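In: just to be clear, the model below is a prediction. Sequence and coordinates:
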Protein chains: 2
Amino acid sequence: MTIASPLAQINTPAAVIDMARMDANIDRMQARVNALGVRFRPHVKTSKCVDVVRRQLKAGAAGITVSTLKEAEQFFASGMSDIFYAVGMAPHKLPQAAALLRAGCGLRILVDNVAAAQAIAAYAVAHDVAFAVLIEIDTDGHRSGVKPEAPDLIDIARALTADPRVTLTGVMTHAGASYDFHDAASLQRIAEQERVLCVRAATRLREAGFACLEVSVGSTPTALSARSLDGVTEVRAGVYVFFDLVMANVGVCDLGDIAMSVLTTVIGHQREKNWAIVDAGWMAMSRDRGTQKQPIDYGYGQVCDVAGQPIAGCTVASANQEHGIVEWRDAGLGQSIEARFPVGMQLRILPNHACATAAQFPTYEALGDDGVVSTWPRFYGW
Amino acid sequence: MTIASPLAQINTPAAVIDMARMDANIDRMQARVNALGVRFRPHVKTSKCVDVVRRQLKAGAAGITVSTLKEAEQFFASGMSDIFYAVGMAPHKLPQAAALLRAGCGLRILVDNVAAAQAIAAYAVAHDVAFAVLIEIDTDGHRSGVKPEAPDLIDIARALTADPRVTLTGVMTHAGASYDFHDAASLQRIAEQERVLCVRAATRLREAGFACLEVSVGSTPTALSARSLDGVTEVRAGVYVFFDLVMANVGVCDLGDIAMSVLTTVIGHQREKNWAIVDAGWMAMSRDRGTQKQPIDYGYGQVCDVAGQPIAGCTVASANQEHGIVEWRDAGLGQSIEARFPVGMQLRILPNHACATAAQFPTYEALGDDGVVSTWPRFYGW
């Protein structure tokens, strides 16, 4: 007797959360950061979902990290007020930040250059608003931030604190280059580099006379690889809540930890190519091809059965907007592609990059161990 | 004196439509299809915006093509009723299609296999609902569809028309392989192949006794390259409404035709790398790297000034979720990256793939020649 999947009635494509896996991911990260003796401030850009973030806070997170002021507004409206906006402040967004502060949000903002620091200080004076600001430190050359030894570091601190309304709250860094590694020793090295260089920046600021209380570091790979966080006060990480195929390639999770998948339906075949066509194209999976240059290239995703078990040799090899092409490389065992994946069959696809895939969906279908599916809203845009 | 840009007050990142360019694109395609003597049914998956589609209909389009039933529902709710859902029907979506039909929507659906055809016929009988169905023809091997010479073609027609409630309305094809070419001769060849093979399928069906009124072909490159559409009744195309860098590489538009761009703001620099950091990351641009294997690789997009003029040697070389890294390869003329692109400066980024980039935004900012900016909603999800 076949027991109907609790997902059988869900329209496809849909973003399904395996709640047991997600809760395990949340507990694993929180326990790890607790053991290292620092606070944990999850990056909520991955889920953009209040229901998910409440579970992270309940597990022990101290505040949240956001990537847009819209996220800050949405989570503040849900009762969360300890919020760090971890993208360099654009001067024209200061009124939006000030409105949050005036409404009682404990918003922290970020800067990595003198011009923006001057704009923040000038706005604070002109509008009599107090800003808590961190300086972004570049510890791996992958993106933004000021180098820990750069003269600019002290200049930024001076520009910020020209008026007492602005507090230099601390320094932060994100070693995004950690995504490029896939062995434990390299990950430990980049985690240690992230720590040492960020602490060094804090030390320079303190030596120059600035109180620099917060030393905030993190990425999912470094948070899970750091052996010591001496001198660090908080860790940030985002994608760990769902994990994904990129993180599996990095080596910080297994396929069985990936908590978000795209539910899809078989709509046709190309018999002679051993293709099944599914209704999850790149609009559902996103165009993220993050595993392309990693040890295992999963195409647009790893195909699983509807229960979430990976099917060997079966990936979404290519995608159009609303068509996914499922390639079955282990074909030829006497079963046709149509028999193996009949029209109407549901499958689940593990994504390359959970942040990108989740962003394509207005809701999650959160599947509990009890088989109950709850629909959780998420938001997008700026 | 500097005249303020009409976009100066727009929060970034934002999806800006240059209305004059869009209207020219709409007129160009409509005039071309008119000249070839067939009807034009634009694919509205690109914009998912009623304000855009109304302009396409006003210019002469006959009905619309959609990629999801949500698009069908949204556009039907806006008063459009001649709608072709051009993705192979999944059996579990038949109730949703039937609800549209019962509400008065002139919905056409698509099928490319016997199993789905049987499901449609069975549903029509069980629920006493009439379906108008096209059969998808594979004319270039790039995705779904049945080959024009395949025995399945006739079997699908028989399965569909087992009950008189189902009408075999015609055949359709989409030569998506046309995106892989970039010279006029190849594009004309693939357009002719699309036409000939789709007409051939219609002929086979007619010879087998099926009325097959509609012969629907198209893609933006083939629609703009076809020399003859003999035997064709309608053309479909989508991305032409905005065009994009992929289409510029294919050779069917110029950079100056691209009507949608992402407005962004400079938030920082990496001086020694000649990088400017902007607030349009991959969440704004999408992860689409469609120009990666084309003659010109634009990274995550071509950088333009706020007036929309491309800046030579300046692309978004890489991207994080909310950070775009603008590389200025023509640097070194005595001007620093900070002087050329100061913090707070607005730029506009032409996207690789308009369908993917537009999907990241809840609204468009439509900029008229008069400098007036209108906010147009768009939708997403399924």
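Out: Received, thanks. Numbers count the residues shown, from 1 in each chain, chains lettered A, B, ... in the order given.
In: can you pull out the helices in the stretch 251-382 of chain A?
Out: A:282-285, A:337-340, A:354-358 (DSSP state H, counting those that start in this stretch).
In: closest to B:C105 out of these?
Out: helix A:282-285 (22.0 Å; Cβ to Cβ). For the C-beta atoms, the positions are set from N, CA and C on the backbone; glycine is no exception.
In: for that closest one, packing partners?
Out: When contacts are defined as 3 or more Cβ pairs under 8 Å, 6 or more residues apart in numbering or on different chains; DSSP states H and E, helix A:282-285 packs onto strand A:260-270, strand A:310-319, strand A:324-328.
In: centre of the chain to the last one, how far?
Out: Going by Cα atoms, centre = their mean, to the nearest Å, the spacing between the C-alpha centre of strand A:324-328 and its chain's C-alpha centre is 27 Å.
In: look up the closest residue to A:L100, ignoring the ones flanking it.
Out: Distances taken as Cβ to Cβ, 6 or more residues apart in numbering or on different chains place A:L107 nearest to A:L100, at 4.9 Å, with adjacent residues excluded.
In: likewise A:V262?
Out: In space, A:V262 is closest to A:I349, 4.5 Å off (Cβ to Cβ, 6+ apart).
In: could you check the pLDDT of the one you found?
Out: We note a pLDDT of 98 for A:I349 in this prediction.
In: number of residues surrounding it?
Out: For A:I349, the neighbour count with other Cβ atoms under 10 Å in any protein chain shown is 29.
In: and if you look at A:I258?
Out: 26.
In: next one: A:I135
Out: 29.
In: repeat that for A:A157.
Out: Neighbour tally, A:A157, other Cβ under 10 Å: 22.
In: that one contacts A:I135, correct?
Out: Yes: with contact defined as Cβ atoms under 8 Å, A:A157 and A:I135 form a contacting pair (6.8 Å).
In: now for these two: what residues contact both?
Out: Common neighbours of A:A157 and A:I135 (criterion: Cβ atoms under 8 Å, 6 or more residues apart in numbering or on different chains): A:168, A:205.
In: not counting sequence-adjacent ones, nearest residue to A:A24?
Out: A:D257 is the one closest to A:A24 (Cβ to Cβ, 6+ apart), at 7.2 Å.
In: contact partners for the one you found?
Out: Shown in contact with A:D257 (Cβ under 8 Å, 6+ apart): A:21, A:24-25, A:243, A:248.
In: ok, A:G141 next?
Out: Contacts of A:G141 by Cβ under 8 Å, 6+ apart are A:A177.
In: mind checking how far A:A184 is from A:V250?
Out: 10 Å (Cβ to Cβ, to the nearest Å).
In: same question for A:P351.
Out: 15 Å.
In: those two: which is more packed in?
Out: With neighbours defined as other Cβ under 10 Å, A:P351 and A:V250 compare such that A:P351 has more, 32 against 26.
In: ok, the more buried one - contacts?
Out: Per Cβ under 8 Å, 6+ apart, neighbours of A:P351: A:244-245, A:258, A:260-262, A:285-286, A:288, A:301, A:357.
In: mind doing that once more with 10 Å?
Out: A:P351 is in contact with A:15, A:242-246, A:258, A:260-262, A:280, A:284-286, A:288, A:290-291, A:298, A:300-302, A:316, A:357-358, A:360, counting by Cβ atoms under 10 Å, 6 or more residues apart in numbering or on different chains.
In: just the CA trace of the helix or strand harbouring A:E136, in CSV.
Out: Per DSSP states H and E: A:E136 is located in strand A:131-136. What follows is strand A:131-136, C-alpha atoms only, in CSV (Å, rounded to 0.1, in the frame of the first residue of the first chain):
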residue,chain,number,x,y,z
PHE,A,131,23.4,56.2,14.7
ALA,A,132,25.3,53.1,15.9
VAL,A,133,27.8,52.2,13.2
LEU,A,134,30.2,49.4,12.5
ILE,A,135,33.1,49.6,10.2
GLU,A,136,33.4,46.8,7.6
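In: is it true that A:F341 touches A:V278?
Out: Yes: checked against Cβ atoms under 10 Å, the pair A:F341 and A:V278 is within contact range at 8.3 Å.
In: find residues that contact each of those two.
Out: What both A:F341 and A:V278 touch, as defined by Cβ under 10 Å, 6+ apart, is the set A:266, A:268, A:303, A:326, A:347.
In: returning to that earlier point: what strands flank the strand holding A:E136, and is each parallel or antiparallel?
Out: strand A:106-111 (parallel), strand A:166-172 (parallel) (DSSP bridges).
In: just put the ones you listed in JSON lines and tack on mean pLDDT and mean neighbour count.
Out: Below are the strands paired with strand A:131-136 laid out as JSON lines (pLDDT from 0 to 100; neighbours: other Cβ atoms under 10 Å in any protein chain shown):
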{"stretch": "strand A:106-111", "mean pLDDT": "98", "mean neighbour count": "23"}
{"stretch": "strand A:166-172", "mean pLDDT": "98", "mean neighbour count": "24"}
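In: columns distance to A:Y364 on top of the ones you listed, output as JSON lines?
Out: JSON lines is the format used below for the strands paired with strand A:131-136 (distance: least, Cβ to Cβ, whole Å):
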{"stretch": "strand A:106-111", "distance to A:Y364": "26"}
{"stretch": "strand A:166-172", "distance to A:Y364": "28"}
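In: now A:R206. Nearest residue, chain neighbours left out?
Out: Per Cβ to Cβ, 6+ apart, closest to A:R206 is A:C212, 5.4 Å.
In: next, count neighbours for that neighbour.
Out: There are 20 residues near A:C212, going by other Cβ under 10 Å.
In: that one: which element?
Out: Going by DSSP H and E, A:C212 is not in any helix or strand.
In: quick check: which element contains the spatially closest residue to A:V111 that is not a sequence neighbour?
Out: Nearest non-adjacent residue to A:V111, counting by Cβ to Cβ, 6+ apart: A:A117, 5.0 Å away. Using DSSP H and E, A:A117 sits in helix A:114-127.
In: mind giving me the packing neighbours of that helix?
Out: When contacts are defined as 3 or more Cβ pairs under 10 Å, 6 or more residues apart in numbering or on different chains; DSSP states H and E, helix A:114-127 sits against helix A:94-102, strand A:106-111, strand A:131-136, helix A:151-160, strand A:166-172, strand B:260-270.
In: A:V38: which of these is closest?
Out: Nearest of the helices and strands packed on helix A:114-127 (Cβ to Cβ): strand A:166-172, 12.6 Å.
In: what comes up buried for the helix or strand following the closest one?
Out: On the C-terminal side of strand A:166-172, the closest following helix or strand by DSSP H and E is helix A:184-207. Buried residues in helix A:184-207, counted by 16 or more other Cβ atoms under 10 Å in any protein chain shown: A:186-188, A:190-195, A:197-202, A:204-205.
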